[in-house]
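Q: Have a look at this fold, sequence not included:
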Ligand SMILES: Cc1cc2nc3c(=O)[nH]c(=O)nc-3n(C[C@H](O)[C@H](O)[C@H](O)COP(=O)(O)OP(=O)(O)OC[C@H]3O[C@@H](n4cnc5c(N)ncnc54)[C@H](O)[C@@H]3O)c2cc1C
């Protein structure tokens, strides 16, 4: 445990923040110890992965526990799948590359996403036509409320678009390891814009490298301009509402969903409201991508929240659409 911990280097927004205490979780049993310590101090405990989906307030009056549980292994075949397991503290992108080096493809569309394996189920990360849930088998988590370790199978997790039971329970379950089920009859997933030019015979490495190049071309580098990727969810609306929008804005992107509703593009809505490239103090909306809010160096959480509020109000007033923030404010 370290007191008065500087969090600025531990969040990809690069926001200035401190925590009363920090702890490092190197093995599963550390979680229970950290939680006992938090309870004895009467302080909250939050686990942190790569800090790529959080917005820190200036001071966290509790314990920030850094997830460092490592380990990755091929567990073997089970029916039509090959099972792989990784510790929650493994770097996500490195893990994806490792699965390819083991000749067990299936996660390549999620290459290049920052953060750690343990956070991937929290918002069911997704990109380029694939969600983590598509390759998920089960996970092991520590339940802070009941003080026990539980296995969650896929049906227990309530995965949806950037959603899960873990996100809803905000901090109650600490993911210790995740098991993935990769299809033995792998075929590239090329439905997403930008991938359709690849041949159906493409190998998984090429898919991963193409996606990494696409991401680098599209998103600002968080090491230069602090950000947390998409700042808002793409809104899901009734299809009748989307059809009305298309009547007045024929270029509005609309993606039909399996449940009969439609997904709109938050980036398009924000750009149409004139925010792309705009600034507020030390923060702004990326010139490259309207969905990415950026810290230009000396930005603060307060400025970021003000800018986000301005965007939300304008999109609501102009299009009648409510935007929901993706990164969690802690
Ligand atoms: C440049 C950039 C691009 C991005 N692109 C994408 C993308 O394409 N798709 C996408 O879905 N996301 C994307 N993201 C968001 C982010 O990378 C993912 O959400 C990632 O999974 C967060 O991992 P993390 O380890 O950084 O989580 P953190 O930011 O550390 O934590 C996020 C939340 O998860 C909780 N948490 C973390 N670890 C655990 C654990 N072991 N157990 C329980 N709770 C935990 C934290 O308490 C917090 O509430 C992007 C972010 C950036 C900066």
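A: Received it, and whenever you're ready, just let me know what you need. Not measured: the values here are computed from a predicted model.
Q: any idea how far the strand or helix carrying residue 271 is from the chain center?
A: Using DSSP states H and E, residue 271 falls within helix 266-272. Centroid displacement of helix 266-272 relative to its chain, using C-alpha atoms, centre = their mean, to the nearest Å, is 20 Å.
Q: can you give me the strands for the stretch 51-200 of the chain?
A: Per DSSP state E, counting those that start in this stretch, the stretch 51-200 of the chain carries strands over the ranges 54-55, 59-67, 72-78, 81-87, 126-127, 130-131, 136-143, 148-153, 173-183.
Q: Turn those strands into CSV, columns for mean neighbour count, mean pLDDT and distance to the ligand.
A: In this view, the C-beta of every residue, glycine as well, is placed from N, C-alpha and C. Converted to CSV, the strands of the stretch 51-200 of the chain look like this (neighbours: other C-beta atoms under 10 Å; pLDDT from 0 to 100; distance: least, C-beta to the nearest ligand atom, whole Å):
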stretch, mean neighbour count, mean pLDDT, distance to the ligand
strand 54-55, 23, 98, 4
strand 59-67, 20, 98, 5
strand 72-78, 13, 97, 15
strand 81-87, 22, 98, 9
strand 126-127, 18, 97, 4
strand 130-131, 19, 97, 8
strand 136-143, 20, 98, 7
strand 148-153, 13, 98, 11
strand 173-183, 22, 98, 4
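Q: Check which residues of the helix holding residue 271 are buried.
A: Using 16 or more other C-beta atoms under 10 Å as the test for burial, helix 266-272 gives 266, 267, 268, 269, 270, 271, 272.
Q: Just send those residues back as CSV, with pLDDT too.
A: Shown next, in CSV, are those (pLDDT from 0 to 100):
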residue, pLDDT
266, 98
267, 98
268, 98
269, 98
270, 98
271, 98
272, 98
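Q: TSV for these, including distance to residue 103?
A: Shown next, in TSV, are the buried residues of helix 266-272 (distance: C-beta to C-beta, whole Å):
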residue	distance to residue 103
266	37
267	36
268	39
269	42
270	41
271	41
272	45
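Q: which of those lies closest to residue 197?
A: residue 267 (21.8 Å; C-beta to C-beta).
Q: residues in contact with the closest one?
A: Going by C-beta atoms under 8 Å, 6 or more residues apart in numbering, residue 267 touches 289, 290, 291.
Q: after the helix holding residue 271, next one along is what?
A: strand 279-280.
Q: distance between that next one and the chain's centre?
A: For strand 279-280, the distance to the chain centre is 24 Å (C-alpha atoms, centre = their mean).
Q: ok, now stretch 234-252?
A: On the basis of C-alpha atoms, centre = their mean, stretch 234-252 sits 26 Å off its chain's mean C-alpha point.
Q: who in the stretch 151-300 of the chain is up against the ligand?
A: Proximity of the stretch 151-300 of the chain to the ligand is confined to 166, 171, 173, 174, 175, 219, 222, 227, 228, 229 under the rule C-beta under 6 Å from any ligand atom.
Q: With residue 183 as the reference, measure out to the fourth one.
A: Remark: distance between residue 174 and residue 183 (C-beta to C-beta, to the nearest Å) = 29 Å.
Q: same check, this time on residue 271
A: Counting by C-beta to C-beta, the gap from residue 271 to residue 183 is 37 Å.
Q: Also residue 281?
A: Per C-beta to C-beta, residue 281 is found 48 Å from residue 183.
Q: And for residue 295?
A: From residue 295 to residue 183 the distance is 39 Å (C-beta to C-beta).
Q: what's the residue closest to the geometric middle of this protein?
A: Closest residue to the average C-alpha location of the chain: residue 125 at 4.9 Å, with C-alpha atoms, centre = their mean.
Q: That one contacts residue 112, correct?
A: No. Contact criterion C-beta atoms under 8 Å: residue 125 and residue 112 do not qualify, at 11.0 Å.
Q: dump the residue contacts of residue 124.
A: Residue 124 makes contact with 131, 132, 133, 157, 159, 160, 161, 162, 163, 164 under the criterion C-beta under 8 Å, 6+ apart.
Q: let's see it at 7 Å
A: The contact partners of residue 124, by C-beta atoms under 7 Å, 6 or more residues apart in numbering, come to 131, 132, 133, 159, 160, 162, 163, 164.
Q: separation between it and residue 197?
A: 27 Å.
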